[in-house]
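Student: Any chance you can model this:
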Amino acid sequence: MDLEHEAFSDLCGLPTDPPDMRINCDQCQRPLKVCYCSSLPDPRLSPRSKIILLQHPAEEKRCLRTAPMLQLGLQPGKCLVFKGKRFPGLHDELISILQASNTLLLYPSPNSEPLNEIISETVPLSRYNIVIIDGTWPQAKAIYTSSPILHNIRQIKLLNNNTSDYIIRTQPADGCLSTLETGAQCLSMLEGDQTYVDKLLAPLKLMCQYQLENGAVSHQSKEFLIKNNSYPKLIGKRLNKVLKDAERLKEQQKS
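Tutor: Numbering: from 1, shown residues only. Sure, this is the predicted structure:
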């Protein structure tokens with residue numbers, strides 16, 4: 001009985017209220033201690049063109065995403081997000097966007113054209129809808145394959161040799177950029193204004209700084225680690241294919 005009484009007393013001493021939860025920012029939904037809203041463009045940027053994100057559902061579960069930074073850095077309606085694994089899916093309003101003559105799809109196919117070449121052949125500061133598939137490379141490829149409407153859109157590519165500023169996340173290959181960086185680069189080229197990159201990437205750099213100050217480490221790409229015999233795992237078929245696709249993309253960009 002004494003043991004039962006002691007156990008019951010221990011249970012009675014437990015707090016009845018749930019533990020205090022971290023308070024999140026109403027805007028970026030990040031904990032207040034690591035909120036990046038102070039670095040967002042103020043006022044929000046208002047480009048002539050729009051970014052259209054086709055987001056894989058799994059991307060929303062990631063805690064360190066860059067798509068929200070793009071939305072918060074641009075005026076409402078300048079960055080539209082549609083979620084799904086195939087498109088247009090349930091998004092009826094997306095059909096007219098995907099069928100518009102000024103819509104361009106950022107996708108590394110053999111038919112994709114450098115964005116800077118398209119800009120040079122059109123009226124300066126023309127308005128475009130830039131469609132970006134938001135997800136990992138296998139997810140993006142699956143979305144493209146299962147969405148025939150995307151196959152009819154003029155496809156573009158970025159000729160990029162820069163290293164991603166998203167240094168707390170391992171990229172599959174050198175030259176790969178986050179969704180935010182990709183959108184910022186496109187808008188910067190279309191607007192003829194480098195400040196789009198500078199202002200839109202500021203919250204990403206601040207978030208990475210927060211993470212590095214709290215135990216995160218700077219990451220090199222998987223391609224870099226493998227080339228320098230530093231990758232800690234065996235290379236599986238899936239990663240090997242991703243790296244081959246990345247090499248193929250680089251060759252396309254050179255041509």
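
Student: What about the residue lying closest to residue 35 once chain neighbours are set aside, how many residues nearby?
Tutor: With C-beta to C-beta, 6 or more residues apart in numbering as the criterion, residue 35 has its nearest non-adjacent residue at 4.2 Å, and that residue is residue 25. C-beta coordinates here come from the backbone N, C-alpha and C atoms, glycine included. By other C-beta atoms under 10 Å, 14 other residues sit near residue 25.

Student: for residue 103, same thing?
Tutor: Residue 103 has 19 neighbours, counted by other C-beta under 10 Å.

Student: wait, what's in contact with it?
Tutor: 52, 97, 128-129, 131, 153-154 (C-beta atoms under 8 Å, 6 or more residues apart in numbering).

Student: Mean pLDDT per helix and strand in the protein: which one sits at the bottom?
Tutor: Within the chain, no helix or strand scores below helix 222-227, which has a mean of 47 by mean pLDDT, DSSP states H and E.

Student: Tell me, what's the model's pLDDT at the residue lying closest to residue 44 once chain neighbours are set aside?
Tutor: Excluding the flanking residues, the one nearest residue 44 by C-beta to C-beta, 6+ apart is residue 75, at 4.8 Å. With respect to pLDDT, residue 75 scores 98.

Student: what about residue 75, neighbour count?
Tutor: 12.

Student: do you know how far it is from residue 150?
Tutor: Distance, residue 75 to residue 150, using C-beta to C-beta, to the nearest Å: 26 Å.

Student: Same question for residue 111.
Tutor: 12 Å.

Student: now residue 211
Tutor: Taking C-beta to C-beta, one finds residue 211 at 34 Å from residue 150.

Student: of these two, who's got more company?
Tutor: residue 150 (21 against 17).

Student: Identify the residues contacting that one.
Tutor: 87, 98, 105, 107, 131, 143-144.
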